[in-house]
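Undergrad: The sequence and its predicted three-dimensional model are supplied below.
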Amino acid sequence: MTHHDDEPTFLDDEGPSNDLPAFISTTNARELYGLREGETVAEAIARHEKESSR
């Protein structure tokens, strides 16, 4: 599947949205940030950003 910048990333009750949802399930956090056991979502995001900037 090809991603285009003009396509929404998330769907919520109000429809398509490019905003990161306020609540991320653990399934989504694992998919988006590689959430590891014992790690918080905030820690996973910080680690993911650090690894992505290398």
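TA: Ah, there it is. Numbering: from 1, shown residues only.

Undergrad: looking at this, Arg30 is in a helix?
TA: Yes: with DSSP: H, G, I helix; E, B strand; the rest coil as the criterion, Arg30 is part of a helix.

Undergrad: Give the other helices and strands that the strand or helix carrying Ala44 contacts.
TA: If you go by DSSP states H and E, Ala44 is part of helix 41-52. Under the contact criterion of 3 or more C-beta pairs under 8 Å, 6 or more residues apart in numbering; DSSP states H and E, helix 41-52 touches helix 26-33. Quick note: C-beta positions are derived from backbone N, CA and C, even for glycine.

Undergrad: And the contacts of the helix it packs on?
TA: Ile24, Leu35, Val41, Ala44, Ile45, Arg47, His48 (C-beta atoms under 8 Å, 6 or more residues apart in numbering).

Undergrad: The same query, at a cut-off of 7 Å, please.
TA: Residues from elsewhere that reach helix 26-33 (C-beta atoms under 7 Å, 6 or more residues apart in numbering): Leu35, Val41, Ala44, Ile45, His48.

Undergrad: just to revisit the earlier point, got the angle for the helix holding Ala44 vs helix 26-33?
TA: 20 degrees (axes from the mean of the first three to the mean of the last three C-alpha atoms, to 10 degrees).

Undergrad: which residues of the protein score low on pLDDT?
TA: 1-12, 16-18, 20-22, 24, 26 (pLDDT under 70).

Undergrad: try it again with 50
TA: Scanning the chain for pLDDT under 50 picks out 1.

Undergrad: got the buried residues for stretch 45-54?
TA: Ile45 (16 or more other C-beta atoms under 10 Å).

Undergrad: Can you tell me what sits against it?
TA: With C-beta under 7 Å, 6+ apart as the criterion, stretch 45-54 contacts Tyr33, Gly34.

Undergrad: hang on, the earlier thing: now render the contacts of helix 26-33 as TSV, adding distance to Arg54.
TA: Below are the contacts of helix 26-33 laid out as TSV (distance: C-beta to C-beta, whole Å):
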residue	distance to Arg54
Leu35	19
Val41	21
Ala44	16
Ile45	16
His48	11
